[in-house]
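S.K.: Sequence and computational prediction follow.
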Amino acid sequence: MKVAVSGKGGVGKTTIAAFLIKVLADRGRQVLAIDADPSPHLAMALGFQQAERIRPIVEMRDLIQERSERCGSFYRLNPKVSDLPGRFMVQKGNIKLMVLGAIQQGGAGCACADNAVLRALLNTLLLSPNEDIVLDMEAGVEHLGRGTIASVDHLLIVIQPYRGSLETAAKIQTLGRDLKIDHLEIVANQVQGPKDLDYIEGYLGERPIGVFFASDEVREAERSGMPVYDSSPGLRSSAQDLLSLLEQTK
C-alpha cells in the first residue's frame, strides 16, 4: 500500500505519517518512509538515532549537480538515481527511511534541474514492490501540480478544524481528482469534539475517514524531540483504525 500525506503547513502531517508508519511496522510489515518536506522531521518523529544528522538529498549540492548534469539552462530530464536509495537510506527495525527534502526557492532562481533529480528519485522509490510506503509531502498543493504522486493508492489530506486548513484541503481535493487519484481521504487532527467534526463536514461536504483528537502527550513529545508514537495510546488506536479503513478501500 502506498500512502501520501498532504495538507496545509502546520496541520500535523508528519505526526499522522509517523503514526501510520509505526502501525504498519508493528504489524510486521516492511515500511519505506519518505520525507519530502522542505523542513524534514520524520526521522525524529520515528525515533531514529541522531535524526538531526540525517542530511536531506536536496542539500547535497554536488550530488544534485552531478546527477542533473546541469549546464547553464540545460539539464538531464531523466537523471540516474537508482543507486541513491542504497547509499542514503537509513533503517530502524523494519522501517527504512529516505529523507529527500524539497526545494525552497527563496530567490535561488529556477530549480528545474534540482527538481528533476528529486522527482526521479521519488518516482523510483514509489516503484518499490516489496514494501508499504508512507510519503510525508511538502505543505500545500504545489507537489500535486507537478503530478509526482499520481501513483499512490491513497492521498490523505490532513486538516485541522479551521478555515485556512479546509481551504487548502479543498484545493488538494480538486487537484487530486484531476490526477485521477482514486482514494482521496480527509484525516482530521487536533479535534476537540463533535462541533469540530460538524464544522469540517459542513465545509468539505464529507466526514473525515480518520480522527485524531487533541493530545497534550503528543504536544509534549514533539516539543521535547521524542518519538510521538509511544506518547499517546489513544492516538495509536486512532492510527490503527485509520489503517484498517484504508486497507478496506484499496
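M.R.: Good, I have the coordinates. Just so it is clear, the model here is predicted, and its values are computed rather than measured. Numbers count the residues shown, from 1 in each chain.
S.K.: so where do the strands sit in the chain?
M.R.: 2-7, 31-35, 90-92, 95-99, 132-136, 154-159, 183-191, 210-213 (DSSP state E).
S.K.: Tell me which of the ones you listed sits nearest to Glu201.
M.R.: strand 183-191 (9.3 Å; C-beta to C-beta). For glycine as for every other residue, the C-beta is placed from the backbone atoms N, C-alpha and C.
S.K.: Indicate which one of the strands of the chain is closest to Tyr203.
M.R.: Per C-beta to C-beta, nearest to Tyr203 of the strands of the chain: strand 154-159, 9.2 Å.
S.K.: okay but Ala170 is in contact with Gly205, surely?
M.R.: No: at 9.4 Å, Ala170 and Gly205 do not qualify as touching, with contact defined as C-beta atoms under 8 Å.
S.K.: okay, the strands of the chain in JSON lines with distance to Ser231, mean pLDDT and mean neighbour count next?
M.R.: Listed next are the strands of the chain as JSON lines, based on distance: least, C-beta to C-beta, whole Å; pLDDT from 0 to 100; neighbours: other C-beta atoms under 10 Å:
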{"stretch": "strand 2-7", "distance to Ser231": "19", "mean pLDDT": "94", "mean neighbour count": "26"}
{"stretch": "strand 31-35", "distance to Ser231": "18", "mean pLDDT": "96", "mean neighbour count": "26"}
{"stretch": "strand 90-92", "distance to Ser231": "17", "mean pLDDT": "94", "mean neighbour count": "14"}
{"stretch": "strand 95-99", "distance to Ser231": "18", "mean pLDDT": "95", "mean neighbour count": "22"}
{"stretch": "strand 132-136", "distance to Ser231": "18", "mean pLDDT": "95", "mean neighbour count": "26"}
{"stretch": "strand 154-159", "distance to Ser231": "18", "mean pLDDT": "95", "mean neighbour count": "27"}
{"stretch": "strand 183-191", "distance to Ser231": "14", "mean pLDDT": "95", "mean neighbour count": "22"}
{"stretch": "strand 210-213", "distance to Ser231": "12", "mean pLDDT": "96", "mean neighbour count": "20"}
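S.K.: of Ala170 and Gly205, who's got more company?
M.R.: Shown here are Ala170 and Gly205; by other C-beta atoms under 10 Å, Ala170 has more neighbours (14 against 9).
S.K.: who touches Cys112 in this structure?
M.R.: Tyr75 (C-beta atoms under 8 Å, 6 or more residues apart in numbering).
S.K.: Tell me how far it lies from Leu118.
M.R.: As judged by C-beta to C-beta, to the nearest Å, Cys112 and Leu118 stand 11 Å apart.
S.K.: Over to Ile95?
M.R.: 21 Å.
S.K.: which one is Leu144 nearest to, not counting chain neighbours?
M.R.: Spatially, and ignoring its direct neighbours in sequence, Leu144 is nearest to Leu175 (4.0 Å; C-beta to C-beta, 6 or more residues apart in numbering).
S.K.: so what's the residue lying closest to Val211 once chain neighbours are set aside up against?
M.R.: Once flanking residues are discounted, Val211 sits nearest to Ala188: 5.0 Å by C-beta to C-beta, 6+ apart. Going by C-beta under 8 Å, 6+ apart, Ala188 touches Val158, Ile159, Gln160, Pro161, Asp196, Leu197, Ile200, Pro208, Gly210, Val211, Phe212.
S.K.: what pairs with Ala188 across the strands?
M.R.: Ile159, Val211 (DSSP bridges).
S.K.: What residues sit buried inside the lowest-mean-pLDDT helix or strand in the chain?
M.R.: Least confident helix or strand, the chain: helix 142-145 with a mean of 74, by mean pLDDT, DSSP states H and E. Neighbour-count burial for helix 142-145, with 16 or more other C-beta atoms under 10 Å as criterion, is recorded at His143, Leu144.
S.K.: Contacts made by that helix with the rest, please.
M.R.: Ser6, Ala36, Ala102, Met137, Ile149, Ile172, Leu175, Gly176, Leu179.
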